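Q: fold the following.
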Amino acid sequence: METSGYTTAGGIAVERETREVPEAALEEIVTALGERRGGAFSSGMDYPGRYSRWAFGYVDPCLELVAKGRTISARALNERGKVVLPAVASCLLAAGKPVTEPTAVHVEVYVPESADLLPEEMRSRRPTVFTAIREVIAAFRGDDPHLGLYGAFGYDLAFQFEPIRQELVRPGDQRDLVLHLPDRLVVIDRQRETSLEYRYEFTVDGVTTRGLDRAGENVRPAVNPEIPKNPEKGAYADVVAKAKEKFKRGDLFEVVPGQVFHSACTDPSAFYRSLRHSNPAPYEFIISLGEGEHLVGASPEMYVRVSGDRVETCPISGTIARGSNPVEDAEAIRTLLSSVKEESELTMCTDVDRNDKSRICVPGTVQVIGRRQIELYSRLIHTVDHIEGRLRPEFDALDAFLTHMWAVTVTGAPKTWAMQFIEDHEATTRRWYGGAIGFIGFDGSMNTGLTLRTAQIKDGVATVRAGATLLFDSDPDAEERETELKASALLGALAAVNKTAPAPAVPVREQPGLGMKVLLVDHEDSFVNTLADYFRQQGADVVTLRHGFPAAMLDEIAPDLAVLSPGPGWPSDFGMSALIDQLYARDLPVFGVCLGLQAMVEHAGGKLELLDYPEHGKRGQVTRQGESALLDGLPEEFTAARYHSLHAKVPGVVGFAATATTPDGNVMAIEDTGKRRFAVQFHPESILTTEGGAGAKVIANVLRLTKR
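A: As a prediction, the model looks like this:
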């Protein structure tokens, strides 16, 4: 154990003990947060220059700060908090007027608005509840990188800076800010491979916390899971339509309204673990706020991060659903990056964000250091910009936090008009959604994430709000589906924890190749093993032989199906016509791939030609022609991989039905169902033929059609 100490700028003596602990110490904290105040934060993503994996947590903080509107209070949560409270109470009393008589455990003040007209450059210094927080930070100022205020910042805090006309009734239990002062932290650094516990002792006016119990009160939430109804279909699309009228008039450039979904949640700690596993994100968190309220989330977006004089943000806008495999993901990314609408969304967000920084940063230092970079999440793909600036000497991390309030990615542009639209058109107040979670360090640092992909949990009910960035060219139904998709990651994790429905039965996958022996003839091909694997996945027993084997081996192996593999060159380079003679003489079913198709066409008397431009590793748009048993279950048009210079045109095919072609007339599939002879020019085993499982379906169809 290592001990160190210092005195803060406000004269508070701080002693810190550091010791190594197992990582399980953090999981113990997560479990405790089910019924005790505190928080656990983690990052489940590595992204060079942006995110690294870390985790930290605390339970039973000694003191909490709570704001409701312009009233802010400090409360000692245990005997240790009573020692610290006088230092914090003096900070609050310096910022506002006492609401009640301060006690040994509680002080509450009201921070009135100022009649003075301040320039926009000093927006963050207007009198608000943050004036009191600034006083606390100044009193505890020191070099410790972990000591600070941890918790959540609600959406309504912005109204202390912006003149928004409030139309929605604020619930009586709504709090706008809850921050904790932990005196014990467990910090896991994945880069340094350390797991450390920090314990703090404070001495205020000669009174010390040493020897006092760290335990706080039990705050197990009540459980009354009466689940409200989810939004009606079409309700969000109606809001989109109203927004489009605002865009047309020029009132808005973009806006981000949300809608609310509900689910049961009686175990916030289990939900946090489930979400962390199923939907890794840069800002994963569980915060037990007291009063039976928890926040659990996996936010993809940094709000504001400050280290030294460097301030960073990572606005996210531009969204598309993930595919079922990496190839479909790649296609989705291509679509996303090609979308003018999605690019416009992010451009406006970044321009507004740069404007926010320019209020407080050294001229010329606000830079976009990453543009439309791709981030993949469990169900979504986003485009992300990365922006940095350097704070002017007269500003600090809290100024950076406030000048961005709230991020354009959850409000819109222009911000005040967008926030008014949200107030006028959302059904309920946002509470924590669209605000931030994280910490403000007493060393001048800050790390906060936007409160997105978050559930507010109270009385056993989880409330999940999700929004979409709307533009004039938004499609109302598509935007509504996007909100549902964004909410689905949390709702899915909740369902997994709640086990509200029996697990679906795992379907038994049909294997049409069971009991079949396949002879795969290898024509010195680079893909034959993958092709063999596709047949084995369907239950077939595969024997692979290089071309040129004695014909007698056909009788020894006695295959149920012969497959002619792809390969370089022309069919004549491998004497394929002679092999086909032997196969046909034995009435064996045959399936040809690429070179195999060419050999079967040529053997039947058809004509082969060279393409003007070789198609090697290229996508091909394949269109079915009439009825096709071989392509059963595939769409009329699908994408498949092309690796060929030779080709056959429809008029050049003899003895087969040409059942698929490319737009320029190249034959992609041939069939003679009666004689059980089939072939494809494309490669079913390629990653470019995986969309919708097309390649696997072709192989399954071949086996089904040739099985006796």
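Q: ok, the spatially most central residue of the chain - contacts?
A: Of all residues in the chain, the one closest to the mean position by Cα atoms, centre = their mean is Tyr377, 3.2 Å from it. Shown here is Tyr377, whose contacts under the criterion Cβ atoms under 8 Å, 6 or more residues apart in numbering are Asn279, Pro280, Ala281, Pro300, Arg322, Ala489. Just so you know, the C-beta spots here come from the backbone N, C-alpha and C atoms, and that holds for glycine as well.
Q: try Arg53
A: With contacts defined as Cβ under 8 Å, 6+ apart, the neighbours of Arg53 are Ser42, Ser43, Gly44, Met45, Asp46, Arg190, Gln191.
Q: what subset of the residues you listed is buried?
A: Ser42, Ser43, Gly44, Met45 (16 or more other Cβ atoms under 10 Å).
Q: in helices, which of those fall?
A: Per DSSP state H, helices hold no members of those.
Q: I'd like those residues as a markdown table, with pLDDT and distance to Ala493 appended.
A: Shown next, in a markdown table, are the buried ones among the contacts of Arg53 (pLDDT from 0 to 100; distance: Cβ to Cβ, whole Å):
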| residue | pLDDT | distance to Ala493 |
| --- | --- | --- |
| Ser42 | 95 | 15 |
| Ser43 | 93 | 18 |
| Gly44 | 88 | 13 |
| Met45 | 86 | 17 |
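Q: give me the subset of the contacts of Tyr377 lying in helices.
A: Where those overlap with helices, as defined by DSSP H, the overlap consists of Ala489.
Q: tell me which of the contacts of Tyr377 fall in strands.
A: Among these, DSSP state E puts none in strands.
Q: distance to Val461 added to the contacts of Arg53, as a markdown table?
A: Formatted as a markdown table, the entries for those read as follows, by distance: Cβ to Cβ, whole Å:
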| residue | distance to Val461 |
| --- | --- |
| Ser42 | 25 |
| Ser43 | 28 |
| Gly44 | 26 |
| Met45 | 29 |
| Asp46 | 34 |
| Arg190 | 34 |
| Gln191 | 38 |
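Q: ok, those vs Gly548, which is closest?
A: Compare each of these with Gly548 using Cβ to Cβ and the shortest gap goes to Asp46, at 50.3 Å.
Q: for Pro280, see how far away the closest one is.
A: With distances defined as Cβ to Cβ, to the nearest Å, the gap from Asp46 to Pro280 amounts to 10 Å.
Q: try Arg210
A: From Arg210 across to Pro280, the span is 40 Å (Cβ to Cβ).
Q: quick one: the helices in the stretch 551-700 of the chain?
A: 552-557, 576-585, 595-603, 694-706 (DSSP state H, counting those that start in this stretch).
Q: quick one: buried residues of the first one?
A: Neighbour-count burial for helix 552-557, counted by 16+ other Cβ under 10 Å, picks out Leu554.
Q: also the second one?
A: In terms of neighbour count (16+ other Cβ under 10 Å), helix 576-585 has its buried residues at Met576, Leu579, Ile580, Gln582, Leu583.
Q: give the contact list for the first one.
A: Put plainly, it is Met576. Listed by Cβ under 8 Å, 6+ apart, the contact set of Met576 reads His523, His547, Leu564, Leu595, Gly596, Ala599, His603.
Q: and of the helices of the stretch 551-700 of the chain, who's closest to Arg392?
A: Sorting those by Cβ to Cβ, the top spot, which is the nearest, belongs to helix 694-706 at 57.6 Å.
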